[in-house]
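> got a predicted structure plus its sequence, pasted below:
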Amino acid sequence: MSNNVKSFCFYILIFTFFITYPYLLSGDTRTVLFFGDSVTAGYGLDPLEAYPARIQEKINSSGLNFKAVNGGLSGETSAGGLRRINWMLKRPIHILVLALGSNDGLRGLNTSVTKENLQAIIEITKYNYPRAKIMIAGLKAPPNMGSEYTEYFETIFTELAEVNKAVFIPFLLEGVAGVATLNQADGIHPNVEGHHILAENVWKYLKPLLVENNVSLNNID
């Protein structure tokens, strides 16, 4: 990993901690944790341009009592997320938006292991916060991995959503993946316009869950 990438990851972690810590301490604000990789982190952009920040804008304009926490980390795999989840759960969360697995697919990692890691993240979250709601973002592997791999990779997320009775976002990058004008020069990471579309993709499924749970903390903690 280059020094520039390491510096960016460090900046994301420090930025996330300082902007979210006061809200995590607040007794009257519920927390939505967006737990993902470089796409969630907003790689190549100001963190305030990443889709979790766009979701916060939508939350605010809707008058809902939630704080969006960006738990994205560039280069994160499902295994890395499993190692990191306990640290992210040190403060209460009420909704987990799990958007991990893309880097597993890019590297052609064993799909069964990816599924096990993601399931473990969900179980750890539910163990710590039994009433937390789970959302799972569907992801896709690149076509060069072969049709058998890519087809099964996609089923990981639908199966996890079904088993865990989670809200399912069919494809996080719907309308963005493969569209040059919506991605940065690397063709992988969404640009500012792309993140606006990602926010819409997530908000479609997240808003009803927020409205449903926009109640007293005493009823959901």
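Sure, I can see it.

> what about the strands in the chain?
Ranges of strands in the chain, per DSSP state E, are 30-36, 66-70, 95-99, 133-137, 167-169.

> relative to Met88, which of the ones you listed is closest?
Evaluated with CB to CB, the strands of the chain place strand 30-36 nearest to Met88, the distance being 6.3 Å. Yep, even glycine has a C-beta here, placed from its N, CA and C like the rest.

> partners of that closest one in the sheet?
Partners of strand 30-36 in the sheet, by DSSP bridges, are strand 66-70 (parallel), strand 95-99 (parallel).

> picking that back up, pick the most deeply packed of the strands of the chain.
Highest mean neighbour count among those (mean count of other CB atoms under 10 Å): strand 95-99, with a mean of 27.

> so that one versus strand 133-137, what angle?
20 degrees (axes from the mean of the first three to the mean of the last three CA atoms, to 10 degrees).

> about what we covered before: can I get the strands paired with strand 30-36 in a markdown table including mean pLDDT?
Converted to a markdown table, those look like this (pLDDT from 0 to 100):
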| stretch | mean pLDDT |
| --- | --- |
| strand 66-70 | 98 |
| strand 95-99 | 98 |
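
> so which of the ones you listed comes closest to Asn110?
strand 95-99 (18.7 Å).

> thinking again about what came up before, reformat the strands paired with strand 30-36 as CSV; add distance to Ile188.
Listed next are the strands paired with strand 30-36 as CSV, based on distance: least, CB to CB, whole Å:
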stretch, distance to Ile188
strand 66-70, 19
strand 95-99, 15
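
> low pLDDT regions in the protein?
For the chain, residues meeting the criterion pLDDT under 70 lie at 1-28, 215-221.

> where exactly do the helices run in it?
Using DSSP state H, the helices of the chain run over residues 3-25, 38-41, 51-61, 78-88, 102-107, 111-128, 147-163, 192-212.

> just checking the distance from the fourth one to the centre of its chain.
Relative to its parent chain, helix 78-88 has a centroid offset of 12 Å by CA atoms, centre = their mean, to the nearest Å.

> Ile55: which of the strands paired with strand 30-36 is closest?
Among the strands paired with strand 30-36, strand 66-70 sits nearest to Ile55 (CB to CB), with 4.9 Å.
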